[in-house]
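Chemist: Build the 3D model from these lines:
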Amino acid sequence: SGQKEIKTALLDAAHLSQLGPRDWVRPTPPRPGRPMVGRRDEFDAVSKMLRPGSKAAITATVQGTPGVGKTVLAEHIAFELESQFPGGVLFERLGTGHRDPALCAPILDRWGAHAFGKRPLLEGVHFASADVCSLLAGHGPMLAVLDDAWSLDAIQPLRDALPPKPACSSPRATNGWRAN
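Modeler: Now for the predicted structure:
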């Protein structure tokens, strides 16, 4: 056909050994950029829902108009609850432009890299959701915050990567939490 074909290798569980020894680096949330003002009731309600301990995945979403403090609330919850999640806290700021599942590839690579000392992947190699799920499993309860998620379809690869599966979130939910 004469066209140059670009292939991206997806690692499967059998090929993860190519990346070298595992060296878990616990993901940590960002430090809140601003103080939380007037959101204590919401903070307490979401924090109570996200307490680890059950084997089931817990999902909480916060919806509202822009500028009312949902991201600040998410930052404070993730930061203040971090010690309750031995597996760590994954915090992703997605934004209104994140409407295509293909945009999850670099996020999956970052998440998977936590299992390998955050070493960069080989050029052209990316983690599939199932790989990331297996790499994140076994480190204890983990909290995942998907900030400014606008489409369930667009975040499906991220949802599939979180153990135990499946995670749920609400469309146009500015903040989605998942604790397992």
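Chemist: mind checking the longest helix of the chain?
Modeler: helix 70-81 (DSSP state H).
Chemist: Show me which residues of that one are buried.
Modeler: 70-79, 81 (16 or more other CB atoms under 10 Å). C-beta coordinates here come from the backbone N, C-alpha and C atoms, glycine included.
Chemist: Compute the first-to-last residue distance for stretch 103-122.
Modeler: End-to-end distance of stretch 103-122 (CA to CA, to the nearest Å): 19 Å.
Chemist: contact partners of that stretch?
Modeler: 18-27, 88, 90, 92, 97, 126-129, 131-132, 135-136, 154-158, 161 (CB atoms under 8 Å, 6 or more residues apart in numbering).
Chemist: returning to that earlier point: can I get the longest helix of the chain as PDB, trimmed to CA atoms?
Modeler: This file holds the C-alpha atoms of helix 70-81, laid out as PDB (Å, rounded to 0.1, in the frame of the first residue of the first chain):
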ATOM      1  CA  LYS A  70     -15.500  21.200  43.200                       C
ATOM      2  CA  THR A  71     -11.900  20.900  42.200                       C
ATOM      3  CA  VAL A  72     -10.700  22.500  45.500                       C
ATOM      4  CA  LEU A  73     -13.000  20.100  47.400                       C
ATOM      5  CA  ALA A  74     -11.500  17.200  45.400                       C
ATOM      6  CA  GLU A  75      -7.900  18.300  46.100                       C
ATOM      7  CA  HIS A  76      -8.600  18.700  49.900                       C
ATOM      8  CA  ILE A  77     -10.300  15.300  50.100                       C
ATOM      9  CA  ALA A  78      -7.500  13.500  48.200                       C
ATOM     10  CA  PHE A  79      -4.800  15.200  50.200                       C
ATOM     11  CA  GLU A  80      -6.400  14.800  53.700                       C
ATOM     12  CA  LEU A  81      -7.500  11.200  53.100                       C
END
